[in-house]
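Q: Sequence first, then the predicted structure, then my questions.
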Amino acid sequence: MTACGGSSGGGQSNNQPDNHTEVTPPVDPNPNPTPSQPRQWTPAGGQATIAYNEHRPFLTLIPHLDINQLSGVSQGRELFITNWTPAGEGRALFDGLGPLFNAVSCTSCHSDSGRVSPYLADGTTTDGVLFRIGNKQGDVHPIWGAQLQPKVIDNTVGLLAEGKVHAHTKSASATALKNEGLSYYQFELTPYDSNQHLGNYHLGARIAPQLLGMGLLDLVPEDVILANADPDDTDNNGISGRVHWVFEGGQKRIGRFGWKAINSSLRTQNATAMSQDMGLTTPVHIDSSCTPDQPLCTLLPLGGSPEVSDASLSAVVSFMTALSVPERRIHDQVRFDKGADLFEQVGCAQCHIPTLTTGESQQFYELSNQTIYAYTDLLLHDMGEGLDDGVKEINAESYEWRTPPLWGIGIVAKDKNARFLHDGRAKTLKEAILWHGGEAEKTREQFQQLTEQEQQTLLQFLQGI
Ligand code: HEC
Ligand code: HEC
């Protein structure tokens, strides 16, 4: 039995053991396919749901925003799609890129059709993936810092970009995965300065996720997230989701954004993207992303201090907050409901919790008190050795990952070049499931024990959520 028995009614789940958890799980792997009563589905993103647009499924706004709400949001959208330029090129609002950076715009990595394909056929890496540099103790690289910046602005002081990464495909070593034809990537870094080395540090690949419903996730109250946490596995179901506590503005907050939930709010997430991915300073990260061991980097001019004003940062946060959720795409309601049952039966819903509720929004009333079908608990889980990349970030161990929201994942999967999991090793949704280990080991086995047709029904359900 899953911890989210209340999901069919759209209610908030909690981890209080109920009577169901005492019952021995049914032995029959093919229980009655027909639910006793039809499920009542409310819109996937509550009032922030919009009709699915196959040409532009993501980065679209919640419906019916009034003119006042729209003004900041439109400015934020412009800042999100613009190509930032280095300081001194006469575009005061949009300058300050670099000196070191990953990409020139947010949209280089987050496209409106989902995910940017991270690897080319020859193993070249694209803007669709970036690399954290660290180790199991959580230290960051002494010269390059926490993230590799593969690009540098034109300069006369001789500052070089940090390095470029090549991805080599390797067959999975565990027999079960090998038999399924699964592969992963091993990364090779070539530093641009031959005096610098990766040393004993590891590269942690992070692909850029699709962006939808960000404001809703930002608004889930901390006590709702805490109610699903079970760090000591007191209910003995093998799942011990825990909160990633981080500090924001001197306060202890629950991390919820990124593959390891390292950012606790959209404001810090966006400011960190500006700093680390684009080399833009903000009121949150007032210093440029050069480390003290990159003296040439600090010689180059800045595009103001900060380069992105508080008003501009707030506008981008408003745009992110106002992102809608595309409605489900269901062709066969009975089969979809059966898929939802299987998703719960095999245990996916223990981490990909179907529903959460949001708190009050001061800015967009449409986001307040909504029941959302994001399919996440926003918690960290031990996902096993196969997904351990040797890089700890803040308090998230190298083998711990935040349950990613699954809404919209079927839209992403329509693109044959899209990739899944934190490093994009999975080419299909099924491959992503087969890599699940650690706390998800038992669930993965139960998925594999389903008949071929049941597996397809579950995957079909994922296509529609
Ligand atoms: C170089 C590519 C790149 C650029 C440029 C970039 N991002 Fe990202 N973005 C990522 C990656 C990779 C992640 C996942 C990060 C992690 O795991 O910590 C991410 C995560 C996010 C998230 C959290 C998503 C989630 O589901 O938790 C938001 C919001 C976001 N980015 C917004 C932005 C904004 C706004 C900008 C521009 C200011 C931006 N990004 C620029 C690659 C990029
Ligand atoms: C123990 C918690 C847990 C369980 C149980 C679980 N998942 Fe996951 N799932 C995760 C985490 C954490 C990740 C991210 C792992 C990574 O990126 O390395 C993930 C990733 C995924 C992804 C890839 C998402 C993306 O954005 O690329 C899919 C698809 C997925 N899970 C589906 C399922 C399905 C279907 C089931 C049931 C068969 C399931 N999961 C069971 C925690 C869980």
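A: Looks like it came in fine. Residues are numbered from 1 along each chain as shown. Ligands and ions are numbered 1, 2, ... in the order given.
Q: now this protein, which segments are flagged as low pLDDT?
A: 1-36 (pLDDT under 70).
Q: rerun that using 50 as the cut-off
A: 1-23, 25-26, 28-29 (pLDDT under 50).
Q: Count the neighbours of residue 317 for me.
A: 24 (other C-beta atoms under 10 Å). From N, CA and C alone the C-beta is placed, and that goes for glycine too.
Q: How about residue 422?
A: Counted with other C-beta under 10 Å, residue 422 comes out at 22.
Q: Leaving out chain neighbours, which residue sits closest to it?
A: In this structure, residue 422 finds its nearest non-sequential neighbour in residue 259, 4.2 Å apart by C-beta to C-beta, 6 or more residues apart in numbering.
Q: Ligand 2 versus that neighbour, what's the distance?
A: Distance, residue 259 to ligand 2, using C-beta to the nearest ligand atom, to the nearest Å: 6 Å.
Q: these two touch, right, residue 461 and residue 343?
A: Yes - with contact defined as C-beta atoms under 8 Å, residue 461 counts as touching residue 343 (5.9 Å).
Q: From residue 381, how far off is residue 397?
A: 11 Å (C-beta to C-beta, to the nearest Å).
Q: repeat for residue 455
A: Residue 455 is 22 Å from residue 381, by C-beta to C-beta.
Q: cool, and residue 240?
A: 7 Å.
Q: contact partners of stretch 72-83?
A: 59, 61, 65, 93-94, 104-107, 308, 312, 314-320, 322 (C-beta atoms under 8 Å, 6 or more residues apart in numbering).
Q: need the residues of the stretch 301-450 of the chain near ligand 2, please.
A: 346-348, 350-352, 381, 383, 387, 401, 403-404, 406, 409, 420-422, 429, 432-433, 436, 439-440, 443, 447 (C-beta under 6 Å from any ligand atom).
Q: what do you get for the stretch 151-300 of the chain?
A: Counting by C-beta under 6 Å from any ligand atom, the residues of the stretch 151-300 of the chain that sit close to ligand 2 are 239, 259.
Q: Mark which of the contacts of stretch 72-83 are part of helices, please.
A: 312, 314-320 (DSSP state H).
Q: same for ligand 1: which of those residues are within range?
A: 316, 320.
Q: Which two of the ones in helices among the contacts of stretch 72-83 have the greatest separation?
A: 312 and 320 (13.0 Å; C-beta to C-beta).
Q: Please point out which parts of stretch 428-446 sit buried.
A: 429-440, 443-444, 446 (16 or more other C-beta atoms under 10 Å).
Q: now stretch 121-129
A: In stretch 121-129, counting by 16+ other C-beta under 10 Å, buried: 125, 127-129.
Q: Same check on stretch 410-418?
A: Buried-residue list, stretch 410-418, by 16+ other C-beta under 10 Å: 410-413, 418.
Q: who touches residue 102 in this structure?
A: With C-beta under 8 Å, 6+ apart, residue 102 has these contacts: 109, 127, 130, 147, 149-151, 276-278.
Q: Helices of the stretch 301-450 of the chain, start to end?
A: Counting by DSSP state H, counting those that start in this stretch, the stretch 301-450 of the chain has these helices, from start to end: 310-321, 333-345, 409-413, 429-434, 441-449.
Q: I'd like to know which elements the shortest one is packed against.
A: Based on contacts counted as 3 or more C-beta pairs under 8 Å, 6 or more residues apart in numbering; DSSP states H and E, the elements that helix 409-413 packs against are strand 114-115, helix 429-434, helix 452-464.
Q: okay, now whichever residue of the stretch 201-350 of the chain sits closest to ligand 2: neighbour count?
A: Here the residue of the stretch 201-350 of the chain nearest ligand 2 is residue 348; by C-beta to the nearest ligand atom that distance is 2.7 Å. Residues near residue 348, counting by other C-beta under 10 Å, number 28.
Q: on that earlier part again, among residue 312 and residue 320, which residue is more densely surrounded?
A: residue 320 (25 against 21).
Q: could you show me where the strands are in the stretch 151-300 of the chain, in order?
A: Here the stretch 151-300 of the chain has its strands, by DSSP state E, counting those that start in this stretch, at 151-152, 163-171, 183-191, 202-207, 244-248, 251-255.
Q: Tell me which of these sits most buried.
A: Burial of these is given as mean neighbour count (mean count of other C-beta atoms under 10 Å); strand 202-207 ranks first at a mean of 22.
Q: Can you get me the start-to-end distance on stretch 54-74?
A: 22 Å (C-alpha to C-alpha, to the nearest Å).
Q: Number the residues from 258 up from this point.
A: Got it, first residue is 258 now, which makes that one stretch 311-331.
Q: what's the domain layout of this structure?
A: 262-317+469-500+587-721, 324-467+513-578 (automatic domain parsing).
Q: out of the ones you listed, which comes closest to residue 506?
A: domain 324-467+513-578 (8.5 Å).
Q: That closest one: end-to-end distance?
A: Start-to-end, domain 324-467+513-578 (C-alpha to C-alpha) is 16 Å.
Q: And for stretch 463-481?
A: By C-alpha to C-alpha, one end of stretch 463-481 lies 27 Å from the other end.
Q: Buried residues of it, list them for me.
A: Those would be 463-477, 481, for stretch 463-481 by 16+ other C-beta under 10 Å.
Q: Going by distance to residue 550, which of the residues you listed wins?
A: Distances from residue 550 to those, taken by C-beta to C-beta, are shortest for residue 463, at 23.2 Å.
Q: Correct me if wrong: residue 524 contacts residue 541.
A: Yes - assessed by C-beta under 8 Å, residue 524 is found in contact with residue 541 at 6.9 Å.
Q: Identify the contacts common to these two.
A: Joint contacts of residue 524 and residue 541 (C-beta under 8 Å, 6+ apart) are residue 570.
Q: In strands, which of the buried residues of stretch 378-386 fall?
A: Using DSSP state E, residue 386 are the members of the buried residues of stretch 378-386 that sit in strands.
Q: Just send the buried residues of stretch 378-386 back as TSV, with distance to residue 633 too.
A: TSV is the format used below for the buried residues of stretch 378-386 (distance: C-beta to C-beta, whole Å):
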residue	distance to residue 633
382	27
384	25
385	21
386	21
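Q: For residue 541, which non-adjacent residue is spatially closest?
A: Using C-beta to C-beta, 6+ apart, the closest residue to residue 541 is residue 528 (3.5 Å).
Q: Oops, could you answer that again for residue 645 instead?
A: Closest to residue 645 by C-beta to C-beta, 6+ apart is residue 656, at 4.0 Å.
Q: quick revisit: going by distance to ligand 2, which of the buried residues of stretch 667-675 wins?
A: residue 669 (7.4 Å).
Q: surely that closest one meets residue 372?
A: Yes - applying C-beta under 8 Å as the test, residue 669 and residue 372 come out as touching, 5.5 Å apart.
Q: Let me have the ones in helices among the contacts of stretch 329-340 in JSON lines, extended by distance to residue 614.
A: Compiled in JSON lines, the ones in helices among the contacts of stretch 329-340 are given as follows (distance: C-beta to C-beta, whole Å):
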{"residue": "569", "distance to residue 614": "31"}
{"residue": "571", "distance to residue 614": "26"}
{"residue": "572", "distance to residue 614": "27"}
{"residue": "573", "distance to residue 614": "26"}
{"residue": "574", "distance to residue 614": "22"}
{"residue": "575", "distance to residue 614": "22"}
{"residue": "576", "distance to residue 614": "24"}
{"residue": "577", "distance to residue 614": "20"}
